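Q: The sequence and its predicted three-dimensional model are supplied below.
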Amino acid sequence: MDIQHHLAKIPRWLATALVVAAILYATIAPHPVGADELPLFPGVDKVVHFIMFATLAAALLFDLSRSKKATSAGRVMTVAGVAAVLFGAIDELLQECLTDNRSGEVLDWLADAGGVAAVLLIFSAWRLRHQP
């Protein structure tokens, strides 16, 4: 059996739902598990935001490309990018409004957008290289 067969068995939107849940837990929970053990250097939170939202963009690309409504790779990339960046903005607003020990930051949102952009660039380059 090839990998496509195994990937097809994953329920639609499961990857995105799991990543969204993990992001919300990491950014909204008062004391997420493991947060105190992060190596402390200036900007570590920006690196974490970049990685979380790169993962979200990858999950969205995976799920959208398997959707019955997927039309073109360009459209899938646009929808995934816009959705992930908007979710980043909403997440920062939620941190500002729903938490006492966290605050929404524009620089965090820019790190989110950077992670999304990196994945979209990598996916675009991969597509160009592997197009028939």
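A: Received, thanks.
Q: quick one, what contacts the residue nearest to the spatial centre of the chain?
A: Residue closest to the average C-alpha location in the chain (C-alpha atoms, centre = their mean): residue 56, at 1.8 Å. Neighbouring residues of residue 56 by C-beta atoms under 8 Å, 6 or more residues apart in numbering: 16, 19, 20, 23, 84, 87, 115, 116. Every C-beta, even on glycine, is put in place using the N, C-alpha and C of the backbone.
Q: what do you get if the cut-off is 6 Å, keeping everything else the same?
A: Residue 56 sits next to 19, 84 when contact means C-beta atoms under 6 Å, 6 or more residues apart in numbering.
Q: Please report how far it lies from residue 100.
A: The span separating residue 56 from residue 100 equals 25 Å under the rule C-beta to C-beta, to the nearest Å.
Q: where does this structure have low pLDDT?
A: The chain contains residues with pLDDT under 70 at 1, 34-38, 70, 132.
Q: let's see it at 50
A: Scanning the chain for pLDDT under 50 picks out nothing.
Q: Strands of that one, start to end?
A: Read by DSSP state E, the chain holds no strands at all.
Q: Now do the helices in it.
A: Here the chain has its helices, by DSSP state H, at 3-8, 14-28, 44-66, 73-98, 106-130.
Q: Return the most buried member of the ones you listed.
A: Burial of the helices of the chain is given as mean neighbour count (mean count of other C-beta atoms under 10 Å); helix 44-66 ranks first at a mean of 20.
Q: Cool, thanks, signing off.
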